[in-house]
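1. Pasted the sequence and its predicted model underneath.
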Amino acid sequence: MTADTTTRRVGVEPTAPDDTAPPTRKRRGDGRSALFYLAPSALVLVGVMGYPLYQLVQLSLYDYGQAQASGGAPLEFLGWGNYATLLGDGRFWTVLVQTCAFAGVCVLGSLAVGIGLAVLAGRVRTLPRMLLFLAALGAWATPAVAGSTVWLFLFDQDFGLVNEVLVGIGLHGFEGFSWTYDRYVAFGLVAGEVIWCSFPFVLVTMYAGIKAIPGEVLEAASLDGASTWRTAREVIMPMLRPLLVIATIQSIIWDFKIFTQIYVMTDGGGIAGQNLVLNVYAYQEAFAGSNYGLGSAIGVVMTILLLIITAIYLRAQRATGERT
Amino acid sequence: MSIPATRLPRRFLRRPGRTLAEITTVLVAAAVAFPLYWMVLTAFKPRGQIQSSDPRPWTSTPTLENFRQVFTADDFGRYFLNSVVVATAVVLLSLLVSFLAAVALTRFRFRGRTVLLVMILIAQMVPVEALTIPLFFLMRSVGSAVPQFGLNHLGSLVLVHLAFSLPFAIWMLRGFVAAVPEELEEAATLDGAGRVRFTWQVLFPLVAPGLVAMSVLSFIHAWNDFLFAKTFIISATQNQTLPLAILTFFKPTGNDWGAIMAGSTLMTIPVLVFFVLVQRHLISGIAGAVKG
């Protein structure tokens, strides 16, 4: 096997030291050793990721229900049938819009809180800043299930602290108020939990960005007589933009495929499925409704949407990589 | 954690609002930490104080009652152990498998290397949650051949989390392996060490920091998983993991909040410890990925 020395640029990540280094040695038997070293990874990745991905697409083209799953009925090829069903189903569109709106609120919320606190953290002394970062780290580290349960308990109808406090300050409407009964209130509660555990990522990223701005640049701006507002808009913002793009798209990817929080906090998608998002919808169609074909079609739609977002992300990352 | 002093010029610092900013910061920190405080506090509260319509943010009579309840009445120890087994197996296997792949991808020159690298990059972007349905059927077929890796067994969870952690682990370790100078290998060869010996006795210890960071991330992913545990472990309750065990305390007759909070506390502590251990890598990893 000959060494591959012509196409060594991967392109996506600007730091690929080995790819840019001159090929110092070519050893005999590299190909065979590589095969041996790579075999375990390849086996697992092809078997547990590649093949299921292929199967997901395949399942989505069949009528695959309980009978087919247990082998009692022959498979019926539907082609685009499941997708046609989805597109003609009002419920699917409701869930799709809900998913986008919910993810949008979570992303904007995390960004607003994260950036606001990053700016704040840049203006205070070490001790308060450390307290803030420790608290944020705690929220970030909390497993989704644990975070969901404690938020549910805080907002519990009968024993929750929040209702107690609200009634205590004179809002008697909150006596026995259920935070999971109304569709939008329930979504708001889940969004609160999601923002709580995802803003720390934005905070840490943006704070690192603010910290990396050299003091001299800001001094130069102030010597040139730029106002604080102008400095923020024309000096700080352009320097933070690459990080902001990454934080935004990363948050979109996370929040778009939320499963645990919705499932735990609204008990599987809310009353009569009013709080379903795509991921939970696919799960319920498949495992509660035994409609595996349709569930797979939803999975394919979700994957394609996410791939589009990721493609935009990579382009943005590449563009920033070229600029810096 | 050490956060170096800000490098903003003094004009920004000496603004009169700083005291206000600091008070706000501390209040926000308290608010962010409050749910965690409430979780731990409730776990240590006596039952009477939890199921009360007059909850108080402190207790003068802490008790282990809730922990005793989850461990004795509900076999929580078993579920905890299951979670530990799955996460540990995922960490050890992904450590070994991804290290080998990372070495091959950085140290060996062979045809198709670039294609493989791009494929690993793409694999990181697959939304694994969408694969639940085909994976369910895959594990069902695997189970009919090797029951230990099929539905209702912990092996199925190890398999999927191993696969999901590999692309990122390989990608991350690649950077660490590439940072070890090639001259070191030449020196080792001159000293008579073969490639295998060099890989395990020189390279492996040198990339240890990368291995630690990667292990912690795989651990957290496997430990936190709810979706796959729920999908794969259907009827074998003795093979449940922590997230599902916690949910069993939600009952139509009334949620056992003391047990839920005790269970959630037990689930959170290991992650919190690991997070503090690797927070440096988390932060520098993000910054490094951006600055290149």
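-> Yep, it's here.

2. how close does A:Val57 get to A:Leu131?
-> 49 Å (CB to CB, to the nearest Å). For every residue, glycine as well, the C-beta is placed using N, CA and C.

3. Which of these two has more residues huddled nearby?
-> Neighbours per residue, other CB atoms under 10 Å in any protein chain shown: of A:Val57 and A:Leu131, the larger number sits with A:Leu131, 19 against 14.

4. nearest residue to that one other than its sequence neighbours?
-> Leaving aside its sequence neighbours, A:Leu131 sits nearest to B:Ala29 (CB to CB, 6 or more residues apart in numbering or on different chains; 4.2 Å).

5. The one you found is in contact with A:Leu137, isn't it?
-> No - when contacts are counted by CB atoms under 8 Å, B:Ala29 is not listed as touching A:Leu137 (10.7 Å).

6. residue closest to the middle of chain B?
-> Geometric centre of chain B, nearest residue: B:Ile220, 0.8 Å, by CA atoms, centre = their mean.

7. mind checking pLDDT for residue 83?
-> Since you didn't name a chain, this refers to chain A. Note for A:Tyr83: predicted pLDDT of 93.

8. that's the wrong chain, I meant chain B
-> Listed pLDDT for B:Ser83 reads 95.

9. separation between it and B:Leu244?
-> Here the distance between B:Ser83 and B:Leu244 works out to 10 Å (CB to CB).

10. now do B:Gly17
-> Using CB to CB, B:Gly17 is found at 48 Å from B:Leu244.

11. the more surrounded of the two?
-> B:Leu244 (18 against 9).

12. Check residue 143 and give its pLDDT.
-> Just so you know, I chose chain A. pLDDT, A:Pro143: 94.

13. try again with chain B
-> Each residue has a pLDDT score; the one for B:Gly143 is 90.

14. Please identify the helix or strand for it.
-> Assigned by DSSP states H and E, B:Gly143 belongs to helix B:132-145.

15. ditto for B:Thr61
-> If you go by DSSP H and E, B:Thr61 is not part of any helix or strand.

16. what separates the closest residue to it other than its chain neighbours from chain A, distance-wise?
-> Leaving aside its sequence neighbours, B:Thr61 sits nearest to B:Pro46 (CB to CB, 6+ apart; 5.7 Å). To chain A, B:Pro46 is 14 Å away according to CB to the nearest CB, to the nearest Å.

17. ok, B:Pro46 - contacts?
-> For B:Pro46, the contact set (CB atoms under 8 Å, 6 or more residues apart in numbering or on different chains) comprises B:Thr59, B:Thr61, B:Thr63, B:Glu65.

18. just the residues you listed now: which is nearest A:Ile298?
-> The shortest approach to A:Ile298 among the contacts of B:Pro46 belongs to B:Glu65, at 44.0 Å (CB to CB).

19. could you pull out the helices for the stretch 1-150 of chain B?
-> Assignment of helices within the stretch 1-150 of chain B using DSSP state H, counting those that start in this stretch yields the ranges B:10-13, B:18-44, B:47-50, B:65-72, B:76-107, B:113-123, B:132-145.

20. what's the closest of these to A:Ile115?
-> Among the helices of the stretch 1-150 of chain B, helix B:18-44 sits nearest to A:Ile115 (CB to CB), with 13.4 Å.

21. I'd assumed A:Cys197 was in contact with A:Val113.
-> No - counting by CB under 8 Å, A:Val113 stays clear of A:Cys197, with 11.3 Å between them.

22. to the chain's geometric centre, what's the distance from stretch A:145-165?
-> Relative to the centre of its chain, stretch A:145-165 is centred 24 Å away, using CA atoms, centre = their mean, to the nearest Å.

23. and B:Lys251, which of the three is it?
-> Put simply, B:Lys251 is coil when judged by DSSP: H, G, I helix; E, B strand; the rest coil.

24. Pop out the phi and psi values for it.
-> Main-chain torsions, B:Lys251, degrees, to the nearest 10: phi -130, psi 150.

25. Quick one, grab the pLDDT at it.
-> Per-residue confidence at B:Lys251 stands at 86 (pLDDT).

26. Now do the contacts for it.
-> Not one residue lies near B:Lys251 by CB under 8 Å, 6+ apart.

27. Endpoint to endpoint, stretch A:152-160 covers what distance?
-> End-to-end distance for stretch A:152-160: 8 Å, by CA to CA, to the nearest Å.

28. Can you name the residues in contact with that stretch?
-> Applying CB under 8 Å, 6+ apart, the contact partners of stretch A:152-160 are A:161-163, A:176-180, A:189, A:264-265, B:35, B:38-39, B:42, B:50-53, B:55, B:255, B:257, B:260-261.
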